[in-house]
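Enquirer: Sequence plus predicted model, see below.
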Amino acid sequence: MPEAVDVYYRSDDGLKLYAYDYNTAGPDAPVLLCLHGLTRNSSDFTRLASDLSPRYRIICADQRGRGRSDYDSNPANYQPVTYVRDMFALLDHLQLPRVIVIGTSMGGLMGMMMGAMQPQRIAGLLLNDIGPEVDPAGLARIQSYVGKSRPVRNWEEALAQSQAINGAAFPDFSPGQWRDFTRGLYRNVDGVPVLAYDPAIAQPIDAAQENAVPPDLWPLFDSLNLPVLVVRGAESDILAPTTAAAMCERGHDCQLQEIPRRGHAPTLDEPAARQAIGRWLQSLGAA
């Protein structure tokens with residue numbers, strides 16, 4: 001497995017933020033920027049990044065309040081518009097003029113915003129189980145646990161908590177997959193698992209749903225002029241099948257891949273997801 005380089009940089013308001021960078025594919029390799037979901041972090045993409053690193057440069061970021069990035073003393077900043085500013089700061093720090101964005105859930109919303117704000121910098125966008133409409137049932141489910149999970153005392157309790165919250169999304173996970181999933185969600189603090197995100201990230205979305213998802217993102221999506229791959233979990237309660245289909249019926253260079261036996265959101269390690277990603281990335285190279 002190739003070694004990733006740790007990248008630390010500053011946001012425009014002074015936070016120290018983190019990303020890791022697989023940069024072994026050569027100076028002319030296309031660059032993938034991987035953006036995680038609301039409660040997750042850059043570890044979600046470790047296997048994908050390792051597998052793609054012979055052909056692509058892959059950068060995986062921890063958003064503020066997650067993973068190895070600083071927590072924000074002002075919880076009002078925990079919303080996509082701030083995260084997008086941070087990502088442009090990261091691209092500027094690494095002097096990257098153009099990237100392909102792979103965004104899971106919240107990361108996909110960020111990718112749409114980035115593509116609309118600075119289209120010349122986004123060569124393609126993978127939307128993992130997210131679109132311009134978010135199912136209210138799924139959003140309510142997320143609001144019910146983000147920042148509200150009880151502390152755990154050991155890794156056995158952390159595993160049980162992960163399965164209780166995410167079991168419906170991953171009905172066929174093996175014990176090893178659950179272990180890896182849980183290790184990515186928690187960090188080890190003196191032998192005790194602690195969730196690897198600031199509980200305060202829940203405050204903006206608890207105060208108003210539009211802080212998590214603006215009410216109408218169709219104009220934003222329709223403004224995108226770039227290739228899009230939509231990946232949808234077949235059992236998703238966030239991205240409805242009608243929304244996913246409509247996304248690829250509105251005149252875009254858009255492809256849709258559904259992942260069986262997955263809710264919100266696919267890990268992107270599933271065979272169907274990997275095959276679709278490989279084909280899509282090859283098509284971008286050909287274009």
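Expert: All right, it came through fine.

Enquirer: Now do the contacts for residue 169.
Expert: Contacts for residue 169 (C-beta atoms under 8 Å, 6 or more residues apart in numbering) come out as 233, 235, 262-265. C-beta coordinates here come from the backbone N, C-alpha and C atoms, glycine included.

Enquirer: Next: residue 100.
Expert: Counted by C-beta under 8 Å, 6+ apart, residue 100 has contacts 30-33, 122-126, 281, 284.

Enquirer: how many neighbours does the closest residue to it other than its chain neighbours have?
Expert: In space, and not counting its chain neighbours, residue 100 is closest to residue 124: 4.4 Å by C-beta to C-beta, 6 or more residues apart in numbering. Residue 124 has 23 neighbouring residues, counting by other C-beta atoms under 10 Å.

Enquirer: so residue 124 sits in a strand?
Expert: Yes: under the criterion used here (DSSP: H, G, I helix; E, B strand; the rest coil), residue 124 sits inside a strand.

Enquirer: Show me the shaky parts of this protein.
Expert: Where the chain drops to pLDDT under 70, the residues are 1-2, 208-215, 251, 286-287.

Enquirer: quick revisit: pipe the contacts of residue 100 into a markdown table and attach distance to residue 15 per row.
Expert: Converted to a markdown table, the contacts of residue 100 look like this (distance: C-beta to C-beta, whole Å):
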| residue | distance to residue 15 |
| --- | --- |
| 30 | 28 |
| 31 | 23 |
| 32 | 24 |
| 33 | 19 |
| 122 | 24 |
| 123 | 27 |
| 124 | 28 |
| 125 | 25 |
| 126 | 26 |
| 281 | 31 |
| 284 | 32 |
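
Enquirer: any idea which of those has the most stuff around it?
Expert: Sorting those by how many neighbours each has (other C-beta under 10 Å) puts residue 126 first, at 28 neighbours.

Enquirer: So that residue sits against residue 226, correct?
Expert: No: assessed by C-beta atoms under 8 Å, residue 126 is found out of contact with residue 226, at 10.9 Å.

Enquirer: So which of the contacts of residue 100 is the closest to residue 52?
Expert: Nearest to residue 52 among the contacts of residue 100 is residue 32, at 6.8 Å by C-beta to C-beta.

Enquirer: Residue 8 contacts residue 20, correct?
Expert: No: using C-beta under 8 Å, residue 8 makes no contact with residue 20, being 10.4 Å away.

Enquirer: Show me which of those two is the more surrounded one.
Expert: Neighbour tally, residue 8 and residue 20, criterion other C-beta under 10 Å: the higher count belongs to residue 20, 23 against 12.

Enquirer: which residues touch that one?
Expert: By C-beta under 8 Å, 6+ apart, the neighbours of residue 20 are 4-7, 42, 49, 59-60.

Enquirer: how does it look with 7 Å?
Expert: 4-7, 42, 60 (C-beta atoms under 7 Å, 6 or more residues apart in numbering).

Enquirer: Mind putting those residues into JSON lines with neighbour count, distance to residue 256 and secondary structure?
Expert: As requested, the contacts of residue 20 are exported to JSON lines (neighbours: other C-beta atoms under 10 Å; distance: C-beta to C-beta, whole Å; DSSP: H, G, I helix; E, B strand; the rest coil):
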{"residue": "4", "neighbour count": "20", "distance to residue 256": "31", "secondary structure": "coil"}
{"residue": "5", "neighbour count": "12", "distance to residue 256": "34", "secondary structure": "strand"}
{"residue": "6", "neighbour count": "10", "distance to residue 256": "35", "secondary structure": "strand"}
{"residue": "7", "neighbour count": "17", "distance to residue 256": "33", "secondary structure": "strand"}
{"residue": "42", "neighbour count": "25", "distance to residue 256": "26", "secondary structure": "helix"}
{"residue": "60", "neighbour count": "26", "distance to residue 256": "24", "secondary structure": "strand"}
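
Enquirer: and the two most separated of those?
Expert: Using C-beta to C-beta, the pair of these lying farthest apart is 5 and 42, separated by 12.7 Å.

Enquirer: part of a strand, is residue 257?
Expert: Yes: checked against three-state DSSP, residue 257 lies within a strand.

Enquirer: give me the beta-bridge partners of it?
Expert: residue 231 (DSSP bridges).
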